[in-house]
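*Asks:* sequence below, structure please.
(one chain, ligands or ions: 1)
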Amino acid sequence: MTTPYDPTLFRGTAAFYLRGRPPYARELPEFLAREASLERRRALDVGCGPGTVAVELAPFAAEVVGVDPDPEMLAEAARHAERRGVRNVRWVAGRAEDIPALGLGRFALVTFAQSFHWTDREAVAEVVYDLLEPGGVLALIGHEAKTRPAPPGPPGVPPIPHESIQDLIRRYLGPERRGGQGVVTMPIERYEEVLARTRFGRPQTVYLEGRADLVQSVEDVLANVHSMSYAAPPLLGGRLAAFDADLRALLGSTSATGRFWDWPGDTEVLLARKLAQAGG
Ligand SMILES: C[S@@+](CC[C@H](N)C(=O)[O-])C[C@H]1O[C@@H](n2cnc3c(N)ncnc32)[C@H](O)[C@@H]1O
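*Replies:* Model prediction:
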């Protein structure tokens, strides 16, 4: 069962996104381009947000299309591409579930970076299967810290105090994970199991070396927190300034230098392939 899309889910987060969210593995775009033989072919990034993956993929492809239902994210993505001088990417408003109606054509690669969980996953995987060229690749991308060995951080730089930050968010917004107009329950079934029920079958999992050397300022950490749907500024409303003051105080008591180590984990990529001889 899927929660219907709530257009306010990421409202107010887009401006914080590129500054606040840790980047994926350096080798991700090249890796994906190689896996999908992307040169002179097309890629689709679904739930593209501010263009995080789409803009990085563009130099490796004939064209990249970024799809997202959030207009603030798409505006941010367009600015990001402009700043990078990337011209072979276009942005399309829509939900993953609506892709068949968007007339986007066929792709060698379809990516979802931290966005697949927001969709009607099994149905969307089937939609993607039809959208791929034979032999084309679906890639589900995210950070994985829990099960990956953590590298040593930079000397003298404490990690971002994620647990204390979560406590602070709960103090302001209550014990349940908020998002948009309501509370959000994240799906617990693993993507592997979801894809196993589709024409893709079970995916292959690959880990790419995460960024071990990210050091963030207090304002970067604030941007990270407000880039999250569950701590979006509109959820805090009139208490936003008080929340930010408490967050700054918490960060000040954690690091004397105002610098924090941000270990997002390795980049996990689940790869699923359409059969090379598949029709349709
Ligand atoms: C956590 S952000 C990820 C952004 C970007 N892919 C990245 O990795 O930085 C999730 C994105 O998924 C989008 N999203 C939410 N529901 C969606 C849906 N049903 N179809 C497509 N995108 C969706 C949101 O608007 C948001 O931009």
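
*Asks:* ok, which stretches of the chain are helices?
*Replies:* With helices called from DSSP state H, the chain shows them at 14-20, 28-35, 52-57, 71-84, 121-131, 162-173, 191-196, 218-226, 233-236, 240-254.

*Asks:* tell me which parts of the stretch 51-200 of the chain are close to the ligand?
*Replies:* For the stretch 51-200 of the chain, the residues in contact with the ligand (CB under 6 Å from any ligand atom) are 52-53, 68-70, 73, 95-97, 113-115, 118-119. In short, each C-beta sits where N, CA and C put it, glycine included.

*Asks:* list the ones among these that fall in strands.
*Replies:* Of those, the ones assigned to strands by DSSP state E are 68, 113.

*Asks:* of the helices of the chain, which is nearest Val269?
*Replies:* Among the helices of the chain, helix 28-35 comes nearest to Val269, with 7.2 Å by CB to CB.

*Asks:* count of neighbours near Pro152?
*Replies:* For Pro152, the count of nearby residues is 8 (other CB atoms under 10 Å).

*Asks:* please report how far it lies from Ala212.
*Replies:* Look at Pro152 and Ala212: by CB to CB, to the nearest Å, they are 8 Å apart.

*Asks:* what do you get for Arg41?
*Replies:* For Arg41, the distance to Ala212 equals 32 Å [CB to CB].

*Asks:* higher neighbour count, these two?
*Replies:* Per other CB under 10 Å, whichever of Arg41 and Ala212 has more neighbours is Arg41, with 18 against 15.

*Asks:* pretty sure that one is touching Val110, no?
*Replies:* No - between Arg41 and Val110 there is no contact under CB atoms under 8 Å: 11.7 Å.

*Asks:* can you pull the contacts of Ala276?
*Replies:* Ala276 sits next to 134-135 when contact means CB atoms under 8 Å, 6 or more residues apart in numbering.

*Asks:* thought Ala75 was touching Ala14, still the case?
*Replies:* Yes - the criterion here is CB under 8 Å, and Ala14 meets it with Ala75 at 7.2 Å.

*Asks:* more neighbours, the two?
*Replies:* Comparing Ala14 with Ala75 by other CB under 10 Å, the one with more neighbours is Ala14, at 22 against 14.

*Asks:* where does that one land on pLDDT?
*Replies:* With respect to pLDDT, Ala14 scores 97.

*Asks:* if I look at it, how far off is Glu192?
*Replies:* Counting by CB to CB, the gap from Ala14 to Glu192 is 30 Å.

*Asks:* what score does Thr185 have for pLDDT?
*Replies:* You'll see Thr185 listed with a pLDDT of 88.

*Asks:* same deal with Met1?
*Replies:* Predicted confidence (pLDDT) for Met1: 41.

*Asks:* do the same with the one 5 residues further on
*Replies:* The predicted local confidence for Asp6 comes out at a pLDDT of 92.

*Asks:* how about it: what's its closest non-neighbour residue?
*Replies:* Closest residue to Asp6 apart from its sequence neighbours, by CB to CB, 6 or more residues apart in numbering: Gly180 at 3.7 Å.

*Asks:* over to Val89?
*Replies:* Leaving aside its sequence neighbours, Val89 sits nearest to Val64 (CB to CB, 6+ apart; 4.4 Å).

*Asks:* the closest residue to Arg95 other than its chain neighbours: what's it in contact with?
*Replies:* Spatial nearest neighbour of Arg95, chain neighbours left out: Pro69 (4.7 Å); criterion: CB to CB, 6+ apart. Going by CB under 8 Å, 6+ apart, Pro69 touches 5, 7, 93-95.
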